[in-house]
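Enquirer: could you look at this predicted model? Sequence included:
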Amino acid sequence: MPRTIIPAAVSFGPALRPNVWDLAVLPLVLAILWVLAFGGAQMATPYNIGDPLSITLDPEALPYYLLRSFLRMAAGLLVSLVFTLVYATLAAKSRYAEKILIPVLDVLQSIPILGFLSITVTGFIALFPGNLLGVECASIFAIFTSQAWNMTFSFYASLRTVPHDLHEVADMFHLSVWQRFWQLELPFAAPGLIWNMMMSVSGGWFFVVASEAITVNGQTITLPGIGSYIAMAISERNLPAIGWAILTMLIGIIIYDQLFFRPLVAWADKFKFESLPGEEVPTSWLLDTLQRTRLLRVFSAVPVLLWEWSLPVFRKRFDGLAATDRLNFRLPWFDRVWTLFLLGIAAYAVYRIGEYVQAEVGLDEVLHVFVLGLATAVRVIVLIAIAALIWVPIGVWIGFRPKLAQAVQPIAQFMAAFPANLMFPVAVILILHFNASVEIWTSPLMILGTQWYILFNVISGAMSMPSDFRSVADNFGLKGWLRWKRLILPGIFPSFVTGAITASGGSWNASIVSEMVSWGDTTLMATGIGSYIADNTQKGDFPRIALGVAVMCCYVMLFNRQIWRRMYRLAEERLRID
Amino acid sequence: MTDDNELLIDLEGVRKFFRAPDHSDRVVLEDVNFQLKQGEIVALLGKSGSGKSTLLRIIAGLIDANGGKVLYRGKSISGPVHGVSMVFQSFALFPWLTVQQNVELGLEALAVPAAEREERALEAIDVIGLGGFESAYPRELSGGMRQRVGFARALVMRPDVLLMDEPFSALDVLTAETLSADLLELWQERKIPTKGILFVSHNIEEAVAMSDRVLIFSSDPGRVKAEVPVPLAHPRDKDLPAFKAIVDQVYAIMTQRPLRPAGAEALSLGYRLPSATPHKIEGMIETLIEPQFDGKADLPALADELQLPDDALFHLLEAGALLGFIRVDEGDAILLPLGRTFAEAETTERKELFAEQLMSHISLASHIRHVLDERRDHRAPEGRFIQELEDFLSDDEAERVLEQVIAWGRYAEIFDYDYTSGVLSLPEEDEEERGDGEASSGEDAAAE
Ligand SMILES: Nc1ncnc2c1ncn2[C@@H]1O[C@H](COP(=O)(O)OP(=O)(O)OP(=O)(O)O)[C@@H](O)[C@H]1O
Ligand SMILES: [Mg+2]
């Protein structure tokens, strides 16, 4: 948003003289730039499939690995952001585009990314022959696919809910499409977008770890990074190395939060359309310091200049008296033709896929995979239910104590960001040690990383429950179960559903890595669609991977539509507290 | 022709309809003719939903008319015109822009160079009395100051024609008066280049105080029903008999027809029931039998006594008339015999009387009761009725009307409503429960 970061004075002269804050921050900025450049250069080294990529378990190499994982994450986020801005804007602005883009997005977000990895990597390697960049791109692509969809949905939803009167103001004051986007739509959507970016990054660490060791045709390519380090440690049964990796990851998440998201959230607070009374204003030491610098702030003049330059170029060149204004060709029949055309394409695609699957694997196998999907579905449902039973009471208890909630909330978010796959080896060791049932005890791994979404959504739901509501209940002597039924559950239900949707989606995805876990050369495999995909990925059996992915996609969409969306609507209509 | 040059805005036979969800057309404006001449301030009054805002938006070029001519200085309008600017009721400021950035918005869009932009914006901010607040954000400002930003944003464009949609109605009385006086002063001292102002108002006194002409809109469909010139010099003294006479005249015109006497043809299901709580209706009737009025009250005096803004008073009057308690004639509210009985009755009798009138005159109420009686479990979700109403009304309006009839029905105890589940049901009929009625309705109110 160039318009809103105008420095108080973009005049030159004394403004350019560095002050003490510049001296403090300049080294930091330069260091970050140097590190980024160095890491970036490493990404594009020559490489041919089959070349060994050595990963050392020396803890001293971890900062370097962290940097590489970091860059992948940043690249994924950047691509996601660009994708979001373009895709969602198109969908929101064009009725015709909307008709394809939104259903496609719905399918995309249900595709289990991890299953897809081995398919996409071949394409990317072909794109950059003889260079590691192809593999990097595949990893970044996996991270992108884990981040982009929810950001896109949020941005699209925001674009659709820009208040009508602000749109009218934009019309009335002759803003062009370009100006409207930067002045109205993007700022309005910014808080939601940033929140979803944070969620995306949170979920993204899991995929960074999972996508660095990529299996292609039975060969494992290990990109330098935390994820590969872990994979190596697992195959060598090196427990201390796992400990080091966990520690490094913790530090990495904190750095990301402090250097990137904190300042961003604090800065974006002004875009909040309306703030609730008593809400805490987010702060960031880095942003405060940056805003005190003098020399560095001049950099923020760059967007302002770009903005000024774009104004005459992208302005609206006519007003309502010109005959060119509001040329509306709306052909009523074209809508129908368009819909028919899209349906035709979809039907053809389904037919071709059916044909392919029939030829490659046969119908029996398809049924078998659906049964496997059912096993995983049962796991997901049971685990969400258990997580709800545990975390809802705890979340409510915490949420009703604002002080405590302030302290716990960041911890819960942090736990959600922590890639749970780092903990898998520990689970394997325990299962082996106690000789426990693989079918049952690998299941909790699915929800290890995603249960936190339930917790922190319930906390924020309980926190935002109007206190007069609670005092009314107290007055009427609502106690025990009745109090839960009449007051608390309806109050937190919408937030719970939001959290549970994320948790459930994440669990499906996680099943691919959690239903088949290994420690050294011991591999534990539970029955389910996740292990089916993982197993075939190792074997390099593309048709079966595709089948597994497609079936899982069906399940996720079914879940989303039949369970979550319904509950969401119920929550919106009946249980909202105005 | 010199005449044409004088006309800033010229509407001829303007028609506008909105497509309802069931693809039927709801006519909002029909054959509207109106002219805004140079040097004029015109006020637009009319019932809520009569299409005043719609008309303003058509002139602003924000929406298209479905028929008729819409001309600005003789040229047809098909989108927002550079010479026309607008002030919004909701202020509609961009919260992430400072006051100055908000004011510069339109200039920026036209790519006015930065230096000139700043100069013009600062001047407008100064003129409108916001000097010193250039770098404040809207959320730091009071309502009155926010609307000043809205004025500055419109005026900085140096518009020929200024449109204002209830610019003062979101403000408290004092702020509204100061702001309108300030605007009038700018206008009269020619500190702004604006040549004509058209504004919508809900407040009759405000409209008469500011304008050279008051246009009164009728509703369903909206058209110009009457025009009252205000040939008084500024500044206008609101206590002057001439001023009062005009206000009275406007009141009389506005209450002329739409308040149908009860017992005339039954209201259609989709009739826009006025917004008036049963307690307000009770209050009005009790006021009317007070000795100072003795069953007959001049409307401005009644508005004063009840401390209600004009639009709320009209709603209340309409409700009273629909229920057969009062009648409105020549700018007076007159208590009918039934209203007198109501005023003198005890709570239970009042409720019974209210229920009787509701069942016989408000077809939506009797319809709901009928449906509940028919159903085996005597319950129905509100969505069912909202859907029915949406055949006649827009979504928001349907919800509002249903909410209104629910408030009346609950008061009259002809049906009950559960807020959390949104289900309508028959009230518990046995005597015991009836005795508890008061307590349980108290609880309901608290739960809301
Ligand atoms: N975009 C729209 N789609 C459908 N119906 C609309 C739309 N805009 C307005 N209406 C309907 O047109 C009618 C006139 O609305 P309008 O806002 O012009 O009335 P108004 O006279 O300004 O009322 P108020 O005094 O309450 O502001 C209302 O019944 C409204 O529901
Ligand atoms: Mg209006």
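Expert: Arrived safely. Ligands and ions are numbered 1, 2, ... in the order given.
Enquirer: can you tell me which residue is spatially central in chain B?
Expert: By Cα atoms, centre = their mean, chain B has its centre lying nearest to residue B:48, at 3.9 Å.
Enquirer: where's that residue relative to ligand 1, distance?
Expert: Between residue B:48 and ligand 1 the distance, using Cβ to the nearest ligand atom, to the nearest Å, works out to 3 Å. C-betas here are computed from N, CA, C, even on glycine.
Enquirer: is that residue in a helix, a strand, or coil?
Expert: Three-state call for residue B:48 (DSSP: H, G, I helix; E, B strand; the rest coil): coil.
Enquirer: residue B:274 too?
Expert: What three-state DSSP gives for residue B:274 is coil.
Enquirer: pretty sure it contacts residue B:401?
Expert: No - Residue B:274 is beyond contact range of residue B:401, at 9.5 Å (criterion: Cβ atoms under 8 Å).
Enquirer: in which helix or strand does the closest residue to residue A:383 other than its chain neighbours reside?
Expert: Excluding the flanking residues, the one nearest residue A:383 by Cβ to Cβ, 6 or more residues apart in numbering or on different chains is residue A:447, at 4.3 Å. For residue A:447, the enclosing helix or strand under DSSP states H and E is helix A:443-448.
Enquirer: in that helix, what counts as buried?
Expert: Residues A:443, A:444, A:445, A:446, A:447, A:448 are the ones in helix A:443-448 that count as buried (16 or more other Cβ atoms under 10 Å in any protein chain shown).
Enquirer: now it - C-alpha only, PDB.
Expert: Extracted as PDB, the C-alpha positions of helix A:443-448 are listed here (Å, rounded to 0.1, in the frame of the first residue of the first chain):
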ATOM      1  CA  SER A 443      -3.200 -42.000  14.400                       C
ATOM      2  CA  PRO A 444      -2.500 -39.300  16.900                       C
ATOM      3  CA  LEU A 445       0.400 -38.100  14.800                       C
ATOM      4  CA  MET A 446      -2.200 -36.900  12.300                       C
ATOM      5  CA  ILE A 447      -3.600 -34.300  14.700                       C
ATOM      6  CA  LEU A 448      -0.400 -33.600  16.500                       C
END
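Enquirer: other SSEs contacting the helix or strand following it?
Expert: Per DSSP H and E, the first helix or strand lying C-terminal to helix A:443-448 is helix A:451-463. When contacts are defined as 3 or more Cβ pairs under 8 Å, 6 or more residues apart in numbering or on different chains; DSSP states H and E, helix A:451-463 sits against helix A:363-399, helix A:402-417, helix A:489-514.
Enquirer: residue 314: what's it in contact with?
Expert: As the question left the chain open, I've gone with chain A. Going by Cβ atoms under 8 Å, 6 or more residues apart in numbering or on different chains, residue A:314 touches A:176, A:177, A:178, A:179.
Enquirer: actually, chain B is the one I wanted.
Expert: Contacts of residue B:314 were listed using Cβ under 8 Å, 6+ apart, and they are B:47, B:254, B:255, B:274.
Enquirer: hmm, 7 Å instead?
Expert: Contacts for residue B:314 (Cβ atoms under 7 Å, 6 or more residues apart in numbering or on different chains) come out as B:47, B:254.
Enquirer: sec struct for it, please.
Expert: The three-state assignment at residue B:314 reads helix, by three-state DSSP.
Enquirer: tell me how far it lies from residue B:220.
Expert: Residue B:314 sits at a distance of 15 Å from residue B:220 (criterion: Cβ to Cβ, to the nearest Å).
Enquirer: residue 167: neighbour count?
Expert: No chain specified, so I'll use chain A. By the criterion of other Cβ atoms under 10 Å in any protein chain shown, residue A:167 has 16 neighbours.
Enquirer: hmm, no, I was thinking of chain B.
Expert: Residue B:167: 26 surrounding residues under other Cβ under 10 Å.
Enquirer: for it, which non-adjacent residue is spatially closest?
Expert: Excluding the flanking residues, the one nearest residue B:167 by Cβ to Cβ, 6+ apart is residue B:87, at 4.7 Å.
Enquirer: again, but for residue A:335
Expert: Nearest residue to residue A:335, sequence neighbours excluded (Cβ to Cβ, 6+ apart): residue A:95, at 7.7 Å.
Enquirer: do the same with residue A:246
Expert: Spatial nearest neighbour of residue A:246, chain neighbours left out: residue A:422 (5.3 Å); criterion: Cβ to Cβ, 6+ apart.
Enquirer: is chain B within reach of the helix or strand where residue A:289 lies?
Expert: Element membership of residue A:289, judged by DSSP H and E, is helix A:285-292. No - judged by Cβ under 7 Å from any Cβ of the partner chain, helix A:285-292 stays clear of chain B, getting no closer than 14.4 Å.
Enquirer: hmm, back to that, do I have it right that the residue nearest to the centre of chain B meets residue B:309?
Expert: No - Residue B:48 is beyond contact range of residue B:309, at 11.5 Å (criterion: Cβ atoms under 7 Å).
Enquirer: look up how far chain B lies from residue A:424.
Expert: 44 Å (Cβ to the nearest Cβ, to the nearest Å).
Enquirer: count the residues that sit near the residue nearest to the residue nearest to the centre of chain B when sequence neighbours are not counted.
Expert: Distances taken as Cβ to Cβ, 6+ apart place residue B:311 nearest to residue B:48, at 6.0 Å, with adjacent residues excluded. Neighbour count of residue B:311, defined by other Cβ under 10 Å: 20.
Enquirer: what parts of chain B come near ligand 1?
Expert: Taking Cβ under 6 Å from any ligand atom, the part of chain B that reaches ligand 1 is made up of B:18, B:28, B:46, B:48, B:49, B:50, B:51, B:52, B:53, B:54, B:394, B:397.
Enquirer: and those, which are buried?
Expert: Buried members of the residues of chain B next to ligand 1, counted by 16+ other Cβ under 10 Å: B:28, B:46, B:48, B:49, B:50, B:51, B:52, B:53, B:54, B:394, B:397.
Enquirer: just flag the most distant two among these.
Expert: Pairwise distances across those (Cβ to Cβ) peak at 17.1 Å, for the pair B:46 and B:394.
Enquirer: and the helix or strand hosting residue A:335, which residues are buried?
Expert: According to DSSP H and E, residue A:335 maps onto helix A:332-360. By neighbour count with 16+ other Cβ under 10 Å, helix A:332-360 contains the buried residues residue A:357.
Enquirer: same check on stretch B:364-382?
Expert: Within stretch B:364-382, the residues scored as buried using 16+ other Cβ under 10 Å are B:364, B:365, B:366, B:368, B:369, B:371, B:372, B:378, B:379, B:380, B:382.
Enquirer: could you dump those residues into TSV and include pLDDT, secondary structure and distance to residue A:137?
Expert: TSV is the format used below for the buried residues of stretch B:364-382 (pLDDT from 0 to 100; DSSP: H, G, I helix; E, B strand; the rest coil; distance: Cβ to Cβ, whole Å):
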residue	pLDDT	secondary structure	distance to residue A:137
B:364	89	helix	63
B:365	89	helix	67
B:366	87	helix	70
B:368	90	helix	63
B:369	89	helix	68
B:371	87	helix	63
B:372	88	helix	64
B:378	85	coil	65
B:379	86	strand	60
B:380	86	strand	59
B:382	86	helix	54
